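Student: When you get a sec, could you give me coordinates for this:
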Amino acid sequence: MSGTRQEQLQTFLRLLTTAAANASLYHANHRQVLRLNNQALQIAHDLIKKHNEIVLKVIDSRLIFDNQPVEQSNAVKRLVSAMNRCGVSHLQIKDGIYADELLGLALLLSKSPSTAHQPTNTEHICYGKIEVRLKGEKSGAAASPLAWIAESEADSIMDLYQTIRKNKPLNIGGVAEIVSGFISAFDSQNDVLMAIAPLRSMDEYTYTHSTNICMLNLAQARMLGIEGQLLNDIGIAAMLHDVGKMFIPPEILTKSKALTAAEWEIMQQHPRLGAEYLTGCPGVPRLAVITAYEHHMRFDNAGYPQTSRPWLQHLSSYLTAISDTYDAMRTHRAYEESLDLNQIISIMLNLAGNKLHPQLTYNFLGTISELDRDLTKKST
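Tutor: Predicted coordinates for the structure are as follows:
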């Protein structure tokens with residue numbers, strides 16, 4: 001996308017989301033809201049002249065315009081968050097849009113999670129959702145229970161992390177309920193391998209990172225024969241392992257270039273910050289505090305935080321490190337291809353014994369390979 005078009009789009013999104021923010025603070029007909037809306041409308045008309053229409057898509061938590069990812073900005077983040085709240089991943093603005101229609105869009109984006117509703121198409125604005133299916137799955141086929149739960153709980157997970165970012169105590173009951181739903185889905189599937197199939201074969205399905213880690217950790221734990229309260233605690237710990245990042249400046253978290261030494265030092269504080277936060281939250285399992293603190297230590301203890309004495313990590317921390325490494329490499333994005341399974345296996349084998357627990361890694365990779373063979377057979 002050329003610099004001019006990128007700048008125009010960013011200006012349009014900034015004006016639109018600022019109008020939405022003002023509408024939530026004041027009211028729809030406030031002078032500032034109407035002024036911002038009219039400015040956004042003019043930019044929209046200019047963009048439509050060049051593109052015939054404005055089509056925005058949210059894929060894997062990234063905004064796509066003109067088949068290219070839009071550079072991250074505060075306005076882009078606000079828009080993506082608002083579209084997710086409303087269950088919209090495809091937004092089409094057609095030629096001829098008028099001020100009241102755009103104002104209606106701004107008002108929709110201004111809604112809080114508790115008041116957001118299913119949007120209604122207008123003459124020049126169409127709302128939709130990108131349908132993503134398992135490879136080989138026919139339209140209308142039943143989705144995996146895990147995929148359905150992950151989608152239905154997306155707003156709850158977003159609210160959870162907003163609570164943490166504001167340094168307010170989280171509702172551990174809500175986290176436990178999500179994890180309980182995942183465990184029930186595993187039980188109903190009977191086959192742990194097929195239960196995590198969506199993680200392997202979904203192309204552009206939107207999962208949060210913590211949801212992925214939760215499902216992968218539960219799958220690993222179940223294959224080790226772990227059940228009962230420990231299984232629940234492992235799932236909760238996985239959901240909360242990265243909460244410390246909510247206390248890291250956003251400009252560091254979202255930086256596309258390599259971090260400076262000073263920025264990396266700040267980033268390395270997130271395990272400690274997460275553990276400290278969880279320690280102050282009533283009802284949080286002790287295992288969640290431990291996992292948040294240990295998940296970047298590495299099997300050889302060469303990671304962070306560094307300790308002054310020998311440190312034996314918990315099984316949950318080892319499982320999280322394995323899931324984290326796998327998920328980072330297999331995630332498909334619209335602008336970046338994931339690695340294929342052979343590449344992932346090769347890299348993780350090289351990490352076994354230093355970054356990753358060797359035996360647990362071999363077990364995990366054997367399971368993933370078996371899953372790949374089973375799915376390949378089913379698709380042929």
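Student: A helix includes residue 298, no?
Tutor: No - note on residue 298: no helix contains this position according to DSSP: H, G, I helix; E, B strand; the rest coil, which reports coil.
Student: To what extent is it buried, counted in neighbours?
Tutor: Counted with other Cβ atoms under 10 Å, the burial measure for residue 298 works out to 19 neighbours. Where you see a C-beta, it was placed from the backbone N, CA and C, and this is true even at glycine.
Student: show me the contacts for it.
Tutor: 321, 354-356 (Cβ atoms under 8 Å, 6 or more residues apart in numbering).
Student: and what of residue 55?
Tutor: 65-66, 90-93.
Student: redo that, cut-off 7 Å
Tutor: With contacts defined as Cβ atoms under 7 Å, 6 or more residues apart in numbering, the neighbours of residue 55 are residue 92.
Student: any idea which element it lies in?
Tutor: Assigned by DSSP states H and E, residue 55 falls within strand 53-59.
Student: Just give me the closest of the contacts of residue 298 to residue 259.
Tutor: Nearest to residue 259 among these: residue 355, at 18.8 Å, using Cβ to Cβ.
Student: Now do the buried residues in whichever strand or helix holds residue 348.
Tutor: Using DSSP H and E, residue 348 sits in helix 341-351. Using 16 or more other Cβ atoms under 10 Å as the test for burial, helix 341-351 gives 341, 344-345, 348, 351.
Student: now those residues in TSV, with distance to residue 262 and pLDDT?
Tutor: As requested, the buried residues of helix 341-351 are arranged in TSV below (distance: Cβ to Cβ, whole Å; pLDDT from 0 to 100):
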residue	distance to residue 262	pLDDT
341	37	82
344	32	88
345	36	91
348	31	94
351	27	96
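Student: quick check, nearest of those to residue 270?
Tutor: Closest approach between the buried residues of helix 341-351 and residue 270, by Cβ to Cβ: residue 351, at 20.7 Å.
Student: can you pull the contacts of that closest one?
Tutor: Remark: with contacts taken as Cβ under 7 Å, 6+ apart, residue 351 is in contact with residue 325.
Student: same thing but at 6 Å, please
Tutor: Contacts here follow Cβ atoms under 6 Å, 6 or more residues apart in numbering; on that basis residue 351 touches nothing.
Student: if I look at it, how far off is residue 344?
Tutor: 11 Å (Cβ to Cβ, to the nearest Å).
Student: Next step: the contacts of residue 298 restricted to helices.
Tutor: Where the contacts of residue 298 overlap with helices, as defined by DSSP state H, the overlap consists of residue 321.
Student: could the contacts of residue 298 be laid out in JSON lines, adding distance to residue 177 and pLDDT?
Tutor: Below are those laid out as JSON lines (distance: Cβ to Cβ, whole Å; pLDDT from 0 to 100):
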{"residue": "321", "distance to residue 177": "26", "pLDDT": "97"}
{"residue": "354", "distance to residue 177": "37", "pLDDT": "95"}
{"residue": "355", "distance to residue 177": "33", "pLDDT": "96"}
{"residue": "356", "distance to residue 177": "31", "pLDDT": "97"}
